[in-house]
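Engineer: compute the structure for the input listed below.
(2 chains)
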Amino acid sequence: MGAPDLTKDEFGERAWKGALLFESNFGRTMSANISQTQMQAGIQTLPAEWRDFFALTKPRVMTLVIFTAICGLLAAPGTIHPVLGFTAVLAIAMGAGGSAVLNQWWEAVIDAGMKRTANRPLPGGRIHRDDARDFGMFLSGVSLLLMGVAIGWLAAALLLTAIIYYAVVYTMWLKPRTPQNIVIGGGAGAFPPLIGWVAVTGEVTAMPLLLFAIIFMWTPPHFWALALFVKTDYAKVGIPMLPVVAGERTTRNHIWVYTLLLAPFTIAPWVIGGTSWVYGTTALALSLLFIALALPVARRDAVMGAGDPMAEEIRLFKFSVVYLFVLFAALVADRILENAGLIGPGLFAGGLL
Amino acid sequence: MTPDEEAEFKRRQRSRNLVVAGTLLFFVILFYAITIARLGSQ
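Structural biologist: Residues are numbered from 1 along each chain as shown, chains lettered A, B, ... in the order given. Sure, this is the predicted structure:
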């Protein structure tokens, strides 16, 4: 990925025009695309497969959502009945699925223009776009009702905020308009542990907000490390991704800054006394490793053309995934050990020291 | 619609119906369990 072909302003203008064109032509273009594809495939009279509806919910993304929601649920002080805990995670997963469906309904034309996404159920012509919209709205609505009735209306309100944040604020509004879209998108992924925690405690306190902040700050270096070594065709469809709009140098600087900003948020749960040294030392070690791996990525200036193995960037990306899983697992382990009376809260309190 | 298309139509319709029925049954059981869990906690 070399220097950008377009200046930031030129790209921004193109993205704006793309978005406006997209909005005004959305219905007509999609209907034309789908009917053409369906005519070619000869399946215009066939109902969509249930597997295609399931694929619309982005099941792979859902695994991370479910994992962090369960961690938020298990790490929260207090207890929740297993059936209600399961219901809370189910409602969060359904809300995430519903907003993912609405995301694909809105971005169907964009998806059709990119190789990675061209075969999704909507651009592939396997589901009618109105059905996808209705399915997304239905899933979101049921998830909110389920959360409100079974768990509580505060958790349901947070889930509603998460759905609107992802489907409207991120997908419809800011993603096509700013190269900081990944930072904003990170907020959507940060809701599950917050909602999981609130499902148990029934109140928003510093700890669940810190969990939100950790995922929020983690997303940019995680995604931009990937964006450095995976070539995508976002530019072709008018989505202003940072490496394309601002160039590789700026992206590397951003990775470095967000990695440094992430560390204090990661260690904060220990510092404020919300966890013991088990989580604290794990968080400290993980943060130092993250910084150590981000440094060579930030310092690299030149890329050796298409043959560049991008080893540092790939290593940072892979580590960022392990980082989040280990961090949240440590958070849960901390709570389990504390409940068992093996350790105490605070910086160094507890029987194991 | 050719006989092959008709067979495919029915297969898809049947599999969707089964998924909807299974989902409904799951929610019936889930709401029963939620009710018991909430009554037990009061």
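
Engineer: what helix or strand is A:L74 on?
Structural biologist: helix A:59-75 (DSSP states H and E).

Engineer: how about whichever helix or strand comes after that helix, does it reach chain B?
Structural biologist: For helix A:59-75, the succeeding helix or strand toward the C-terminus, using DSSP H and E, is helix A:82-106. Yes - contact of helix A:82-106 with chain B (Cβ under 8 Å from any Cβ of the partner chain) involves A:V83, A:L84, A:T87, A:L90. Where C-beta positions appear, they are placed from N, C-alpha and C, glycine not excepted.

Engineer: alpha carbons only: can I get stretch A:183-194 in PDB?
Structural biologist: What follows is stretch A:183-194, C-alpha atoms only, in PDB (Å, rounded to 0.1, in the frame of the first residue of the first chain):
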ATOM      1  CA  VAL A 183     -12.600   4.300  15.800                       C
ATOM      2  CA  ILE A 184     -16.300   4.900  15.800                       C
ATOM      3  CA  GLY A 185     -17.100   1.300  14.700                       C
ATOM      4  CA  GLY A 186     -15.100   0.100  17.700                       C
ATOM      5  CA  GLY A 187     -17.800   1.600  20.000                       C
ATOM      6  CA  ALA A 188     -20.300  -0.800  18.600                       C
ATOM      7  CA  GLY A 189     -18.200  -3.800  19.500                       C
ATOM      8  CA  ALA A 190     -17.600  -2.400  23.000                       C
ATOM      9  CA  PHE A 191     -21.200  -2.600  24.100                       C
ATOM     10  CA  PRO A 192     -21.500  -6.400  24.800                       C
ATOM     11  CA  PRO A 193     -19.400  -6.700  28.000                       C
ATOM     12  CA  LEU A 194     -21.000  -3.500  29.300                       C
END
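
Engineer: in stretch B:24-37, which residues are buried?
Structural biologist: Residues B:L30, B:A33, B:I34, B:A37 are the ones in stretch B:24-37 that count as buried (16 or more other Cβ atoms under 10 Å in any protein chain shown).

Engineer: convert the C-alpha atoms of that stretch to PDB, please.
Structural biologist: Output of stretch B:24-37 as PDB, limited to C-alpha atoms (Å, rounded to 0.1, in the frame of the first residue of the first chain):
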ATOM      1  CA  LEU B  24     -40.900 -21.000  18.300                       C
ATOM      2  CA  LEU B  25     -40.600 -24.200  20.400                       C
ATOM      3  CA  PHE B  26     -37.300 -22.900  21.800                       C
ATOM      4  CA  PHE B  27     -38.800 -19.600  22.800                       C
ATOM      5  CA  VAL B  28     -41.800 -21.300  24.400                       C
ATOM      6  CA  ILE B  29     -39.400 -23.400  26.600                       C
ATOM      7  CA  LEU B  30     -37.200 -20.400  27.200                       C
ATOM      8  CA  PHE B  31     -40.100 -18.200  28.400                       C
ATOM      9  CA  TYR B  32     -41.300 -21.000  30.700                       C
ATOM     10  CA  ALA B  33     -37.800 -21.300  32.200                       C
ATOM     11  CA  ILE B  34     -37.500 -17.500  32.500                       C
ATOM     12  CA  THR B  35     -40.800 -17.400  34.400                       C
ATOM     13  CA  ILE B  36     -39.700 -20.100  36.800                       C
ATOM     14  CA  ALA B  37     -36.300 -18.400  37.300                       C
END
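
Engineer: what residues does it touch?
Structural biologist: Residues outside stretch B:24-37 that contact it (Cβ atoms under 8 Å, 6 or more residues apart in numbering or on different chains) are A:H81, A:V83, A:L84, A:T87, A:L90, A:V149, A:A150.

Engineer: from what I see, A:L90 and A:L146 are in contact.
Structural biologist: Yes - if you go by Cβ atoms under 8 Å, A:L90 and A:L146 touch, sitting 7.0 Å apart.

Engineer: now, which of the residues of helix A:82-106 next to chain B sits nearest chain B?
Structural biologist: Proximity to chain B was ranked across those by Cβ to the nearest Cβ; first place goes to A:V83, at 4.2 Å.

Engineer: which residues does the closest one contact?
Structural biologist: B:L30, B:A33, B:I34, B:I36, B:A37.

Engineer: tell me which helix or strand comes right after the strand or helix carrying A:P264.
Structural biologist: Taking DSSP H and E as the criterion, A:P264 maps to helix A:248-271. Next along the chain after helix A:248-271, taking DSSP H and E as the criterion, comes helix A:277-299.

Engineer: show me the contact partners of the helix holding A:L74.
Structural biologist: Residues outside helix A:59-75 that contact it (Cβ under 8 Å, 6+ apart): A:80, A:85, A:88-89, A:92-93, A:96-97, A:100, A:189, A:192-197, A:199-200, A:208, A:211, A:215, A:324-325, A:328-329, A:331-332, A:334-336.

Engineer: kind regards, and thank you for your time.
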